[in-house]
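A.B. asks: Please work out how this folds:
(one chain, ligands or ions: 1)
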Amino acid sequence: MLFHVRMDVRIPHDLDPKVRAATVAREKAYSQELQRAGKWPHIWRIVGEYSNYSIFEVESGDELHQILSDLPLFPYMDIAVTPLATHPSDIHG
Ligand SMILES: O=C(O)C[C@H]1C=CC(=O)O1
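C.D. replies: Sure thing, here's the model as predicted:
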């Protein structure tokens, strides 16, 4: 199943800078592990925002929920998920 996900990062300004840096580093490692595994095939920065648009390819909504819940930045993000289906006009579908 394919999902479109928007993540808006809202790290509190008073978070300890060392905790912030460590959390962002863990987030990057976790994200890249999932990208290498093929579960997170696309990630794009939204210009001018601390946000991304991502595509996830997973078995189920439950799997995606677990992946998103395990993001180190999860406590500091607003996340919007849109399930995707094949478009009838898609020449690849
Ligand atoms: O920077 C972001 O958009 C948030 C998050 C998602 C992947 C990652 O490495 O950081």
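A.B. asks: Distance from the chain centre to the lengthiest helix in the chain, please.
C.D. replies: With residue count as the measure and DSSP state H as the assignment, the chain has helix 17-36 as its longest helix. Taking CA atoms, centre = their mean, to the nearest Å, the mean C-alpha location of helix 17-36 is offset from the chain mean by 12 Å.
A.B. asks: ok, how many other residues are close to the residue lying closest to Thr86 once chain neighbours are set aside?
C.D. replies: The spatial neighbour of Thr86 that comes closest, neighbours along the chain excluded (CB to CB, 6 or more residues apart in numbering), is Gly93 at 4.2 Å. Every residue, glycine included, has its C-beta placed from N, CA and C. Residue crowding around Gly93 was assessed by other CB atoms under 10 Å; the count is 8.
A.B. asks: pretty sure Gly93 is in contact with Leu84, am I right?
C.D. replies: No: no contact is recorded between Gly93 and Leu84 when judged using CB atoms under 8 Å, the distance being 11.3 Å.
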